[in-house]
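Chemist: Provide a 3D model corresponding to the input given below.
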Amino acid sequence: MVRSFLENVFGRAPRGSIGAAWDGGRLMAARPAGEGGKTFFSAEAPDAVRSASVWARLKSEGFHGAPVTAVFPQHLLVVKTLDLPSADPAEVREMAALEASRRIPLPPEEILTDIHIVSTDSNGSSKVMLFAARREDVSRWLETFRAAGLAPERLEPSSLALAPLLRRAASAGETLLGLEAAAGAVTFVLFQDGVLRFVRSLPVSAEELETEAGGDRFSREVRDTLLACRREHTLSDTVRVLAGGSPGLFRLLPGVLPWPSEPFPGVPEGFLPSAVGAVLLPHDGSPNLLPPEDREGRVNRRRRRESVSFASLAAAGLVVATAWGAGELQAKKRRLSLLETRWSSVAGQVRELEKMESRLELIRRRAGTVGDLPQLVAALNKVLPPRVFLTGLNFERGISAELQGEATTLAEAVASVNALEKSGLFHKVKLISSNARPVNGRDLVEFRVHLSLGEESA
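Modeler: Next up, the predicted model:
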């Protein structure tokens with residue numbers, strides 16, 4: 001009765017939702033079947049150019065009046081897998097934010113982050129995927145949707161948007177691989193035991209899949225990715241492969257995967273599956289890369305649309321207070337007490353882990369450092385990822401070195417800094433600068449890193 005009363009006062013939420021993705025020059029949208037109008041929409045939509053015809057088509061075909069979940073491309077994201085000593089979602093989110101500030105070599109105000117909880121165990125710990133994107137990339141992507149007349153309420157990583165389609169297609173205990181070929185790259189995900197377990201972006205665009213050189217590079221990337229996936233997870237002989245996006249993907253997959261592939265069920269040929277999966281995503285708990293100020297603006301506009309008279313609000317408040325007031329207050333007090341107890345335990349564990357980390361760092365420094373130029377070059381060749389290229393090196397024997405490098409994505413530049421830190425060969429590793437510049441239609445990330453070879457004076 002209370003729910004019915006509130007719905008009469010505030011109005012019901014719009015039925016269904018709209019999933020939207022942009023593939024470089026084409027806008028795609030999907031909505032639930034059976035609600036009238038078309039289920040799929042696709043139209044030419046240049047970057048950040050408002051098109052009255054696109055907006056008119058969206059409206060005439062029923063793609064309006066419902067919440068919009070937009071898809072953000074995986075190749076513009078940095079993904080980190082974390083093991084955190086808590087199973088409480090609020091605590092996990094706080095810990096992940098702290099890890100992001102430590103692991104992402106960019107100022108906090110320049111990045112947007114969110115998490116996907118992969119699993120929790122009986123010991124009270126969680127495995128988490130941390131997603132991070134540059135704020136300027138997110139703003140550019142959102143502007144493209146707004147130019148077409150769409151105002152996203154959520155912005156989901158494309159890899160997570162594939163998860164509902166894989167979950168719907170999977171049988172009990174079945175392992176699935178999902179691949180989506182878009183304008184910027186190919187997204188590769190592993191879905192196992194009902195959970196998204198592994199995510200990677202392969203730097204080969206849909207256009208490059210149509211060329212011989214691009215096909216060769218795609219084959220190498222898939223083989224390397226399968227090796228990395230097998231190191232972390234067990235793949236059986238009966239893996240099911242679902243693919244979508246560029247038609248060129250299906251031409252190449254039989255030569256690089258030991259399992260047959262098939263299209264994502266219910267997704268038209270050439271359509272991005274992530275746009276369809278975004279319709280099925282839950283609106284609570286899944287990552288949302290929408291900037292905080294955009295979220296607040298959407299909430300304020302919704303509140304203005306749903307404003308009612310003072311008498312109605314007072315009546316609704318009276319009903320809610322009568323039904324739940326005393327019980328809710330006691331429940332919140334008990335939860336606050338429980339959270340304080342858990343945080344005290346976790347804080348002690350974190351302090352012990354920090355002490356262990358300091359001891360391990362001291363041991364690594366004493367175990368050996370790089371002393372001369374041949375040793376340094378050999379170490380860099382061993383540590384740096386294969387797609388990162390060294391373009392310059394300044395060396396001061398026994399003291400420091402400064403290297404310049406190039407990477408095809410920000411994620412690879414970040415991986416280079418992390419690899420140098422984890423090698424234990426240097427007293428300190430510091431990212432001095434990073435800059436993206438366009439080369440042949442794609443961004444090339446240039447970066448400089450300072451390496452301390454000995455204890456430098458202040």
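
Chemist: Show the contacting residues for the residue nearest the centre of the chain.
Modeler: If you average the C-alpha coordinates of the chain and look for the closest C-alpha using Cα atoms, centre = their mean, you land on residue 131, 3.9 Å from that point. By Cβ atoms under 8 Å, 6 or more residues apart in numbering, the contact set of residue 131 is 77-79, 113-116, 157, 287, 289. Heads up, the C-betas are built off the backbone N, CA and C, glycines and all.

Chemist: which among these end up buried?
Modeler: Burial by neighbour count, judged by 16 or more other Cβ atoms under 10 Å, picks out 77-79, 113-116, 157, 287, 289 from the contacts of residue 131.

Chemist: So which bits of stretch 98-114 are buried?
Modeler: By neighbour count with 16+ other Cβ under 10 Å, stretch 98-114 contains the buried residues 99-100, 103-106, 111-114.

Chemist: Which of these fall within strands?
Modeler: Within those, membership in strands is found for 111-114, as judged by DSSP state E.

Chemist: Can you give me the neighbour number for residue 65?
Modeler: Residue 65 sits with 10 neighbouring residues when counted by other Cβ atoms under 10 Å.

Chemist: can you pull up the bridge partners for residue 82?
Modeler: When bridges are assigned using DSSP bridges, the partners listed for residue 82 are residue 128.

Chemist: Look up how far residue 190 lies from it.
Modeler: With distances defined as Cβ to Cβ, to the nearest Å, the gap from residue 82 to residue 190 amounts to 18 Å.

Chemist: out of these two, which sits in the more crowded spot?
Modeler: Set side by side, residue 82 and residue 190 give different neighbour counts by other Cβ under 10 Å, the larger being at residue 190 (22 against 17).

Chemist: OK, contacts around residue 255?
Modeler: When contacts are counted by Cβ under 8 Å, 6+ apart, residue 255 touches residue 219.

Chemist: Swap in 10 Å and give it another go.
Modeler: Applying Cβ atoms under 10 Å, 6 or more residues apart in numbering to residue 255 gives the contacts 215, 218-219, 222.

Chemist: Among those residues, name the buried ones.
Modeler: Counted by 16+ other Cβ under 10 Å, the contacts of residue 255 give 215, 218-219, 222 as buried.

Chemist: hmm, back to that, which one of the buried ones among the contacts of residue 131 sits closest to residue 394?
Modeler: In terms of Cβ to Cβ, no member of the buried ones among the contacts of residue 131 lies closer to residue 394 than residue 78, at 27.3 Å.

Chemist: hmm, back to that, where's the residue nearest to the centre of the chain, which helix or strand?
Modeler: Secondary-structure element containing residue 131, defined by DSSP states H and E: strand 126-134.

Chemist: so what does the helix or strand just after that strand touch, helix or strand wise?
Modeler: Sequence order places helix 135-147 as the next helix or strand after strand 126-134, per DSSP H and E. For helix 135-147, the elements it packs on are strand 18-22, strand 26-30, strand 68-72, strand 111-120, strand 154-157, helix 292-305, judged by 3 or more Cβ pairs under 10 Å, 6 or more residues apart in numbering; DSSP states H and E.

Chemist: Tell me which of these lies nearest to residue 264.
Modeler: strand 26-30 (11.6 Å).

Chemist: and the angle from that closest one to helix 135-147?
Modeler: 70 degrees (axes from the mean of the first three to the mean of the last three Cα atoms, to 10 degrees).

Chemist: residues touching residue 421, list them.
Modeler: 103, 105, 361, 383, 428-431, 449.

Chemist: try it again with 8 Å
Modeler: Residue 421 touches residue 429, counting by Cβ under 8 Å, 6+ apart.

Chemist: what does the domain assignment say about the protein?
Modeler: By the record's domain assignment, the chain is partitioned as 73-142+154-291, 308-366, 373-452 (automatic domain parsing).

Chemist: From the opening residue of the last one to its closing one, how far?
Modeler: Read it as domain 373-452. Taking Cα to Cα, to the nearest Å, domain 373-452 runs 13 Å from one end to the other.

Chemist: picking that back up, how about the domains of the chain, which one is nearest residue 40?
Modeler: For the domains of the chain, the distance to residue 40 is smallest for domain 73-142+154-291, at 5.8 Å, taking Cβ to Cβ.

Chemist: got the buried residues for stretch 436-453?
Modeler: By neighbour count with 16+ other Cβ under 10 Å, stretch 436-453 contains the buried residues 436, 443, 445, 447-451, 453.

Chemist: Out of these, the closest to residue 183 would be?
Modeler: Comparing every one of the buried residues of stretch 436-453 with residue 183 (Cβ to Cβ), the shortest separation belongs to residue 443, at 13.0 Å.

Chemist: dump the residue contacts of the closest one.
Modeler: Contacts were defined as Cβ under 8 Å, 6+ apart; by that measure residue 443 touches 409, 436-437.

Chemist: Where does it sit: helix, strand or coil?
Modeler: Reducing the assignment to helix, strand or coil with DSSP: H, G, I helix; E, B strand; the rest coil, the entry for residue 443 is strand.

Chemist: And for residue 271?
Modeler: At residue 271 the chain is in coil, as set by three-state DSSP.

Chemist: my guess is residue 246 meets residue 181, correct?
Modeler: Yes - with contact defined as Cβ atoms under 8 Å, residue 246 counts as touching residue 181 (3.7 Å).

Chemist: So for those two, which sits in the more crowded spot?
Modeler: Taking other Cβ under 10 Å, residue 246 and residue 181 do not tie; residue 181 has more neighbours (28 against 24).

Chemist: Mind pulling up the pLDDT for that one?
Modeler: pLDDT, the model's per-residue confidence, is 93 for residue 181.

Chemist: Which residues does it form beta bridges with?
Modeler: Taking DSSP bridges, one finds residue 186, residue 245 as the beta-bridge partners of residue 181.

Chemist: Assess the claim that residue 39 and residue 33 are in contact.
Modeler: Yes - under the contact definition of Cβ under 8 Å, residue 39 touches residue 33, with a separation of 4.9 Å.

Chemist: surely residue 442 meets residue 408?
Modeler: Yes - the pair residue 442 / residue 408 is scored as a contact, 7.3 Å apart, by Cβ under 8 Å.

Chemist: anything in contact with each of residue 246 and residue 181?
Modeler: Listed contacts common to residue 246 and residue 181 are 206, 209; contacts here mean Cβ under 8 Å, 6+ apart.

Chemist: shaky segments in the stretch 201-350 of the chain?
Modeler: Within the stretch 201-350 of the chain, the set of residues satisfying pLDDT under 70 comprises 282-285, 297-326.

Chemist: Tell me where it has strands.
Modeler: With DSSP state E, counting those that start in this stretch as the criterion, the stretch 201-350 of the chain has strands at 240-245, 261-263.
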